[in-house]
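> Sequence and predicted model, in that order:
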Amino acid sequence: MTHPTYASTTERVQTWLDGSTLHIRFNNPARHNALSVDMWEAVPPLLRLAQDDDRVRLVVFSGAGEKAFVSGADISQFEDMRAAREAVTRYEAMAEEALMSIHDFAKPTLACIRGWCIGGGVNVAISCDIRIAADDAVFSIPAARLGLGYRYSAMKNLVDLIGPGAAKDLFFTARRIDAAEAKALGLVTRVATVAGLDALLAEYTRALADNAPLTVAAGKAITREILKPSPELDQALCTALIRGCFESADYTEGRTAFMQKRKPVFTGR
């Protein structure tokens, strides 16, 4: 089988495959990894490749350097990209495509956060399934200080994650919160010291390498159905996904390994 090569369309996004984990790193440290147009555009094609690559079981997003995950959109481009109505439409469509490509990706995604996670950085993080952060992380959604409109999808992700009360608090005030408060709100899943963040990330990469990918994918898809308004819930899809797990070779392997008291080896089939 021929496997894809993960070459980013811009040097501002770095990619590498480490075992079963695809790393996508935003690489604009001079601007605290602010997302430029080419960075937004680089994400969807990488995820399209990863979707059909059976080597990939987890995609990890991170920021280059020690200062920031993503400090927001690159405002130096706003005059060109957001000043006129056509430009706003084009910019919003581009950002929406990138964020929804993360949100709709069928395999698990994780945001590994150090330092600033602001605006568009929060949107990237909450589009992921799991968010882990170092205790130096700082979060804010400063749209109200900039006069920006916020997309429905971004607001829905925020509300689904932390509830409407906390979402309105952060959005209306544009205040900054630290990693401890972010964890208390449910904005991040787990927090580690700066020195311990790599070990925490390794815990996730090992778990996703070892666990049954069909079961994980079914759990992700069913969770998405649960969050839909009830008329849109696809119960048949949920049932088919569960049946697919029980009919898989991985389920046979899991039962056999349990009885033989050994570690299972799952193949995603």
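Looks like it came in fine.

> hey, let's count contacts and neighbours off CA atoms from now on
Will do.

> any idea of the pLDDT on Ala84?
Looking at Ala84, its pLDDT stands at 57.

> can you list the domains in the chain?
13-208, 211-260 (automatic domain parsing).

> now those as CSV including distance to Pro4 and mean neighbour count?
Putting the domains of the chain into CSV (distance: least, Cα to Cα, whole Å; neighbours: other Cα atoms under 10 Å) gives the following:
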stretch, distance to Pro4, mean neighbour count
domain 13-208, 7, 19
domain 211-260, 19, 15
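
> shaky segments in the protein?
Filtered on pLDDT under 70, the chain yields the residue ranges 1, 75-88.

> I'd like the distance between the closest residue to Ala249 other than its chain neighbours and Gln51.
Of all residues not flanking Ala249 in the chain, Arg269 sits nearest, at 5.6 Å (Cα to Cα, 6 or more residues apart in numbering). Between Arg269 and Gln51 the computed distance is 15 Å (Cα to Cα, to the nearest Å).

> try Ala218
Following Cα to Cα, the distance that separates Ala218 from Gln51 is 14 Å.

> Test my guess that Lys183 contacts Arg190.
Yes. Lys183 is in contact with Arg190 according to Cα atoms under 8 Å; the separation is 6.6 Å.

> hey, where'd the strands end up in the stretch 1-150 of the chain?
For the stretch 1-150 of the chain, strands defined by DSSP state E, counting those that start in this stretch occupy the ranges 13-18, 21-26, 58-63, 68-70, 109-113, 116-118, 130-134, 138-140.

> Next, the contact list for the residue nearest to Leu197 when sequence neighbours are not counted, please.
Nearest non-adjacent residue to Leu197, counting by Cα to Cα, 6+ apart: Ala134, 5.8 Å away. Contacts for Ala134 (Cα atoms under 8 Å, 6 or more residues apart in numbering) come out as 113-115, 179, 191-194, 196-197.

> possible to save the residues you listed as JSON lines with distance to Leu58?
What follows is the contacts of Ala134, written out as JSON lines (distance: Cα to Cα, whole Å):
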{"residue": "Ile113", "distance to Leu58": "16"}
{"residue": "Arg114", "distance to Leu58": "19"}
{"residue": "Gly115", "distance to Leu58": "22"}
{"residue": "Ala179", "distance to Leu58": "23"}
{"residue": "Val191", "distance to Leu58": "19"}
{"residue": "Ala192", "distance to Leu58": "20"}
{"residue": "Thr193", "distance to Leu58": "23"}
{"residue": "Val194", "distance to Leu58": "22"}
{"residue": "Gly196", "distance to Leu58": "20"}
{"residue": "Leu197", "distance to Leu58": "17"}
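
> Just the ones in strands from those residues, please.
When those are checked against strands (DSSP state E), the matches are 113, 191-192.

> Make JSON lines out of these and add distance to Ser153.
Formatted as JSON lines, those follow (distance: Cα to Cα, whole Å):
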{"residue": "Ile113", "distance to Ser153": "21"}
{"residue": "Val191", "distance to Ser153": "26"}
{"residue": "Ala192", "distance to Ser153": "29"}
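
> Just name the closest of the residues you listed to Phe26, please.
Ile113 (11.3 Å; Cα to Cα).

> beta partners of the residue nearest to the closest one when sequence neighbours are not counted?
Nearest residue to Ile113 in three dimensions, chain neighbours excluded: Ala133, at 4.5 Å (Cα to Cα, 6+ apart). Note on Ala133: beta-bridge partners by DSSP bridges are Ile113, Val191.

> surely Ala133 meets Arg114?
Yes. At 6.0 Å, Ala133 counts as touching Arg114 under the criterion of Cα under 8 Å.
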